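>>> quick one: sequence and predicted model below, then my questions.
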Amino acid sequence: MRAALVTAIDVHVHVHASVRTGGPADDGATLQEMAEYFKAGGAKANTVLDLAAYYRERNMGAVVFGVDVKDDPAHAHASNEEIAELAAQNDDVLIPFASIDPARGADGVRAAKELLASHPNVRGFK
């Protein structure tokens, strides 16, 4: 990130949709609830690329991550790997974090180690 070029960094930005699978991480109800709570207008399932464009337009940076839930069925969410790879392509404005549900136990630790080995640009975990 070129810190001299950004005016602020948003340190908590959820990626709600995958570029690769083309879908949101939920049925839209959660997005609508969040939009109403934060008074953000309509609900939109943002991809990493959407977020990069949004923050670049505003001369801002963002820490981006998904949400890993151990017992959540696999659906169209953006994986930690996807977020890390696309953030690396947009590293002028994005700082990738990862999400690993602590309830995953040893599997979560293994996943975190593999992620860091293959994606050293990941800067933290939520």
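In hand now; what should we look at?
>>> for residue 122, what are its contacts?
Neighbouring residues of residue 122 by Cβ atoms under 8 Å, 6 or more residues apart in numbering: 80, 84, 96, 97, 98, 115, 116. No exception for glycine: its C-beta is placed from N, CA and C like everyone else's.
>>> ok, those vs residue 21, which is closest?
residue 80 (14.2 Å; Cβ to Cβ).
>>> where exactly do the strands run in the chain?
For the chain, the strands defined by DSSP state E occupy 8-14, 60-65, 94-98, 124-125.
>>> so which of these is nearest residue 88?
strand 94-98 (7.3 Å).
>>> CA atoms of the closest one as CSV?
Below are the C-alpha coordinates for strand 94-98, written out as CSV (Å, rounded to 0.1, in the frame of the first residue of the first chain):
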residue,chain,number,x,y,z
LEU,A,94,-6.3,-3.3,-0.1
ILE,A,95,-4.7,-5.1,2.9
PRO,A,96,-5.8,-8.8,3.1
PHE,A,97,-6.7,-10.4,6.4
ALA,A,98,-8.0,-14.0,6.7
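>>> ok, it: who's next to it in the sheet?
When sheet partners are counted by DSSP bridges, strand 94-98 sits next to strand 60-65 (parallel), strand 124-125 (parallel).
>>> rewinding a little: what subset of the contacts of residue 122 is buried?
Burial by neighbour count, 16 or more other Cβ atoms under 10 Å: within the contacts of residue 122 this picks out 80, 84, 96, 97, 98, 115.
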